[in-house]
Every structure is written in structure tokens, then in C-alpha cells.
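> Let me see the structure of the following:
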Amino acid sequence: MLIKENTGLIVVDIQGKLARIVHDSETLIANSAKLIKGAQVLGLPILWLEQNSEKLGPTVEELGILLDEQQPIEKFTFNGCAEPNFMEAVRRSDVQTWLVCGIETHICVYQTAMGLKHHGYGVQLVQDCISSRTAENKQLGITKLINNGIELTGLEMCLYELVKDCRETEFRDVLSLIK
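Okay, the predicted model is just below:
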């Protein structure tokens, strides 16, 4: 079970034209926005990655606006964990489990999730907040991650798991995101 005090969110490379052409991109962006807002309501640390932003472009505006109080961590490796600034931010966040959303499932999401696992972190892939250019590559990434011990969750599932109780002060805000 996810524990609010021990969980963070990593947003992987939802940027530029690629974010607009991945499979079911509108759902990916809308759900990722809800996930980010939910994480903010719950006070979770959020780390935000961008892959070679000079070439691929910035994070899509719908998400960049939500993350405007922090700066993205630039990377050039597909595995975010190979970027020292990212790993320093992971360590400073002082959490043990990371929710991961982003693109592309079979490349950067896959490699970053595996890198986190390699470093001893728990990882839960938010399956309705990830995508690839094709549905087949998304499924391939999910399958390989599951086979390597990465857990799956969904937007609603993880937010309600973190809230735990409808009497919690965050419940109404989370409920309004899901409705």
C-alpha cells in the first residue's frame, strides 16, 4: 500500500510534439494533469524530467503550468537515473516509493523505472498516465516492467490509496479531480 509520507511522483518527458502524437495523447495529458494536482494536494514531492528539451521542446503547457514552482531536470540519457542532478533530487526527496508517469513507456519510462528499482526504490507505474507512439510499444513497456517487478497502479487507485480515508482533509480535493 502506498503511504503519503513515503511516496513521490516522477513526471517523465511529457514534452513537445511527441506528447501530442503518442497513443491517446489527450487522455495521457489530462490524466497526468490530474495526477500532478493530486500529488500537490497530498503534498508529495514531484520530480520533473525533460529529455533534450532544446531538440524535443518543453513540457506541454497544460502540465508546465502546474509545475511552474519548480524547474525540470534536463537529461540526455533515456534512463533519468543516469543524470546526477536527478539522482540527487531523488535522494533529497527522502521517499522510498515513486509513482511514475510519462512517455515513452518502452523507452524513458521503462529505463527510469528500472533505474529507480536498481537503486532500491519502490516503483509504481501509473498505467493510465503513460504512453508511447503506439499502443503495442506501451504494452511492451508495461509487460517488461511487470516482469521485472515494477508494480502497476492507476490514477484513481493511487490517489485513493494515498488518501486512505474519506474523512481526510484532502479527500474532497482528490474527489473533485476524479469526477
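> elements contacting the lengthiest helix in the chain?
Secondary structure of the chain per DSSP state H: the longest helix is helix 25-42. Judged by 3 or more CB pairs under 8 Å, 6 or more residues apart in numbering; DSSP states H and E, helix 25-42 is in contact with strand 7-12, helix 16-21, strand 46-51, helix 61-64, strand 97-103, strand 122-131, helix 155-163, helix 171-178. No exception for glycine: its C-beta is placed from N, CA and C like everyone else's.
> Not counting sequence-adjacent ones, nearest residue to the most centrally placed residue in the chain?
The chain has Cys101 as the residue nearest its centroid, 2.6 Å off, counting by CA atoms, centre = their mean. Excluding its sequence neighbours, the residue lying closest to Cys101 (CB to CB, 6 or more residues apart in numbering) is Cys129, at 3.5 Å.
> State the number of residues packed around the one you found.
The tally of other residues near Cys129 (other CB atoms under 10 Å) stands at 30.
> ok now do it, which residues does it touch?
Going by CB atoms under 8 Å, 6 or more residues apart in numbering, Cys129 touches Leu28, Asn31, Ser32, Leu35, Cys101, Gly102, Leu155.
> out of everything not next to it in sequence, what's closest to the second one?
Okay, so that is Asn31. Cys129 (4.7 Å).
> again, but for Met114
Nearest to Met114 is Asn148, by CB to CB, 6+ apart, at 6.3 Å.
> re earlier: can you give the distance from the longest helix of the chain to the centre of its chain?
Taking CA atoms, centre = their mean, to the nearest Å, the mean C-alpha location of helix 25-42 is offset from the chain mean by 9 Å.
> quick one: buried residues of it?
25, 28-29, 31-39, 41-42 (16 or more other CB atoms under 10 Å).
> what's the answer for stretch 78-95, then?
Phe78, Asn79, Gly80, Cys81, Glu83, Phe86, Met87, Ala89, Val90, Ser93, Val95.
> measure the closest residue to Leu35 other than its chain neighbours to Glu54 for me?
Distance criterion CB to CB, 6+ apart; nearest residue to Leu35, sequence neighbours excluded, is Cys129 at 5.1 Å. From Cys129 over to Glu54 the distance is 25 Å, taken as CB to CB, to the nearest Å.
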